Structures are given as structure tokens and as C-alpha cells.
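Engineer: need a structure here:
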Amino acid sequence: MSTDVTIRHSSPDDLPDLVTLMDQLGYPTTYADMLERYTYLASDPSYTTLVAELHGRAVGMIGLQTFYMYEQSGRHCRIAALVVHKQHRGSGIGRILIQAAEHWASAHGITTVSLNSGNRPERQLAHEFYAQMGYTAGSTGFSKRLQMLQHT
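Structural biologist: Here you go, the predicted structure:
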């Protein structure tokens with residue numbers, strides 16, 4: 001692992017790298033779409049994006065969302081996105097990003113962190129990594145895509 005990796009808050013200058021990272025995470029996007037999402041997320045204080053910078057490029061990112069839960073007191077943090085550039089996987093950057101996220105959450109009075117990961121064969125190594133980081137599988141998530149209603 002290179003000691004040249006710096007963890008910092010993201011900036012709009014990272015958008016080209018974020019487009020590449022989202023693609024490698026399995027969510028192809030355009031610069032324009034990423035700009036729209038990033039602009040919204042960066043303006044919402046319940047979201048935080050940290051990047052791993054190496055030689056002036058964002059080679060990893062972790063997106064965090066904080067919120068209050070119905071079932072327990074206190075704020076909670078969800079890792080909404082975590083990806084390391086394919087050329088740097090296995091180098092420890094993912095571990096550093098999760099540790100930075102946990103440190104950030106703890107410094108903001110948050111006591112629990114969770115994440116979701118798809119139940120697909122290509123995610124098996126990620127699941128093993130999360131278990132090594134102390135995360136336990138606890139639930140099955142469900143989602144449904146809705147059709148937009150026409151406003152009259």
C-alpha cells in the first residue's frame with residue numbers, strides 16, 4: 001500500500017474520477033448525470049463523500065448518508081457507495097476508506113454504521129472484505145422502481 005494515499009472530502013474537481021469509479025462499481029453514468037447527483041448530494045448536509053487521492057487522482061470513494069432511525073435513538077450512518085479503482089484493489093485503500101468513514105461518523109456522534117451489498121456472485125469478495133472489517137450480514141433489502149405520476 002502506498003503511503004501517498006490521502007483521504008479527503010470530495011470536490012467538484014473529482015467528478016471525472018467519480019464517473020469512472022461509478023462505472024467500475026457497476027453503475028455506468030455520464031459526466032452530466034454525475035454532476036447533477038453530486039451537486040444535490042454536496043448541498044445536503046446528511047451526505048458526505050470522502051475520496052482516496054493518489055498522485056492527484058481520486059482512486060477510491062466512499063459515500064455516506066446520515067439519518068435518524070425509527071427503531072433506535074441516535075443518528076445512524078449508511079455507507080451508500082464504496083469503490084476502489086480496479087488498478088488499486090487489494091492495496092488497502094478500501095480498508096482505509098472504511099476506517100476514515102467510521103472515524104468521521106464517530107467524531108459526529110454516530111454509533112452505528114451499515115451498508116448494503118448486492119447478492120451477486122461478483123460481490124462475494126466484497127462481502128468477505130466487509131466481514132473482515134467487522135460488519136455482519138443482518139437483513140435482506142428490497143426495492144421497487146416506481147413509475148412517475150403525471151402532475152395535473
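
Engineer: the helices in the protein, which residues?
Structural biologist: Using DSSP state H, the helices of the chain run over 15-25, 31-43, 93-107, 124-132.

Engineer: Turn the ones you listed into TSV, including distance to residue 87.
Structural biologist: In short, each C-beta sits where N, CA and C put it, glycine included. Formatted as TSV, those follow (distance: least, CB to CB, whole Å):
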stretch	distance to residue 87
helix 15-25	10
helix 31-43	20
helix 93-107	10
helix 124-132	16
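
Engineer: Of all the ones you listed, which one is nearest residue 51?
Structural biologist: helix 15-25 (7.6 Å; CB to CB).

Engineer: distance between that closest one and the chain's centre?
Structural biologist: 12 Å (CA atoms, centre = their mean, to the nearest Å).

Engineer: ok, and for that helix, which residues are buried?
Structural biologist: For helix 15-25, the neighbour count (16 or more other CB atoms under 10 Å) marks 15, 17-22 as buried.

Engineer: The helices of the chain: which one's closest to residue 146?
Structural biologist: Of all the helices of the chain, helix 31-43 comes closest under CB to CB, at 18.4 Å.

Engineer: Compare the helices of the chain and say which comes out lowest on pLDDT.
Structural biologist: Sorting the helices of the chain by mean pLDDT places helix 124-132 lowest, at a mean of 83.
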